[in-house]
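Engineer: Give the three-dimensional model of this entry:
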Amino acid sequence: IAQAWLQHADGAPGGSVRTGDWLVVTLLLHARKLVRGVSAGLELRNRHGQVIFATGLRVARRLIAELRNSGIVDEGVLAAIGAVDRERFVSAPFVERAWENTALPIAFGQTISQPLVVAAMTEALRVGPRMKVLEIGTGSGYQAAVLAKLARRVYSIERYKPLSKEAERLLLDLRIHNVVCDIGDGSKGWPGQAPFDRIIVTAAAEERPQALIDQLAMGGILIVPVGRDPTAQVVERIVKSESGLQRDTLMPVRFVPLVAGPLPVLGQG
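Structural biologist: Modelled structure (predicted):
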């Protein structure tokens, strides 16, 4: 299949794919599923050196290199992102874009965040191996999977039951057993498991969430996007200490809003 692809791609003007070559493309996409588990991965280039097909660790390494070039320096965070197969967490129509550095839509109007944002917020969280972490907004489960590589235990709350159940199923399928999922109003946190060493919010709060600050352990860190206007949101880091709260603004972002109040019925609303 690879040989056929190279013959077709190199035979076209500029090494590009011609209209009649989509059968070969389709075959390669099916082949991708077969070789996904190959540890070395697969990367095909045309005669001009352009990558025309990649899978496995090849695409993961390309993303990690891009994150490094964008300023992510924590090797633990980079290793965690490289160890989590993002393809498993994206919706089927977008699986071929799973390793791109971009946010992608999932169900119920939610998104799987851009890898750079995941990396930057996780790096700012400063997670240690003995820490208990609370995540607000399970979504696809991708952020929880990354945190699970770094923390002792992750507690994750999602208001949409179908998202929570699918994320829980996927995490178990990936043999990630240190994530506890629940369905609830994330703006209220998880009082029964507080205090938390670290809290991360994956939706934008209109203002700093006092309920979550109250559930931080002393010395704890909260990472939360804040802003009513979707075009003017910023990620804030709040550090809790005996002397009070230290707040830092980290980066501009664009998240779906953090919704409070009654849970939707059967995932609707």
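Engineer: Tell me where the stretch 51-200 of the chain has strands.
Structural biologist: Assigned by DSSP state E, counting those that start in this stretch, the stretch 51-200 of the chain shows strands spanning 51-55, 104-105, 111-112, 132-136, 153-158, 179-183, 196-201.
Engineer: Mind checking the ones you listed for the one nearest to residue 248?
Structural biologist: Nearest of the strands of the stretch 51-200 of the chain to residue 248, taken as Cβ to Cβ: strand 196-201 at 14.7 Å. In this view, the C-beta of every residue, glycine as well, is placed from N, C-alpha and C.
Engineer: Tell me which other helices or strands that closest one touches.
Structural biologist: Packing partners of strand 196-201 (3 or more Cβ pairs under 8 Å, 6 or more residues apart in numbering; DSSP states H and E): helix 115-125, strand 132-136, strand 216-226.
Engineer: picking up where we left off before, any chance of TSV for the strands of the stretch 51-200 of the chain, columns mean pLDDT and mean neighbour count?
Structural biologist: Formatted as TSV, those follow (pLDDT from 0 to 100; neighbours: other Cβ atoms under 10 Å):
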stretch	mean pLDDT	mean neighbour count
strand 51-55	45	19
strand 104-105	95	16
strand 111-112	93	20
strand 132-136	98	26
strand 153-158	98	25
strand 179-183	97	19
strand 196-201	98	26
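Engineer: of all those strands, which lies closest to residue 67?
Structural biologist: Across these, closest to residue 67 is strand 111-112 (Cβ to Cβ), at 15.6 Å.
Engineer: Within the sheet, what are the partner strands of the closest one, with directions?
Structural biologist: Using DSSP bridges, strand 111-112 pairs in its sheet with strand 104-105 (antiparallel).
Engineer: Helices along the stretch 151-269 of the chain, start to end?
Structural biologist: Using DSSP state H, counting those that start in this stretch, the helices found in the stretch 151-269 of the chain span residues 161-173, 210-214.
Engineer: re the thing from before, most packed of the helices and strands packed on strand 196-201?
Structural biologist: strand 132-136 (a mean of 26; mean count of other Cβ atoms under 10 Å).
Engineer: what does it contact?
Structural biologist: Surrounding strand 132-136, the residues in contact under the criterion Cβ atoms under 8 Å, 6 or more residues apart in numbering are 125, 127, 143-144, 147, 151-157, 186-187, 189-190, 193-194, 196-203, 212, 215, 258.
Engineer: same thing with stretch 62-79?
Structural biologist: 51, 54, 81-82, 99-101, 115-116, 119-120, 122-123, 146, 149-150.
Engineer: will you turn the strands of the stretch 51-200 of the chain into JSON lines that also has distance to residue 263?
Structural biologist: Shown next, in JSON lines, are those (distance: least, Cβ to Cβ, whole Å):
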{"stretch": "strand 51-55", "distance to residue 263": "39"}
{"stretch": "strand 104-105", "distance to residue 263": "21"}
{"stretch": "strand 111-112", "distance to residue 263": "20"}
{"stretch": "strand 132-136", "distance to residue 263": "14"}
{"stretch": "strand 153-158", "distance to residue 263": "10"}
{"stretch": "strand 179-183", "distance to residue 263": "7"}
{"stretch": "strand 196-201", "distance to residue 263": "17"}
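Engineer: Please name the residues that touch the closest residue to residue 110 other than its chain neighbours.
Structural biologist: Of all residues not flanking residue 110 in the chain, residue 139 sits nearest, at 5.2 Å (Cβ to Cβ, 6 or more residues apart in numbering). The contact partners of residue 139, by Cβ under 8 Å, 6+ apart, come to 106, 110-113, 158, 163, 167, 202.
Engineer: Many thanks, have a good one.
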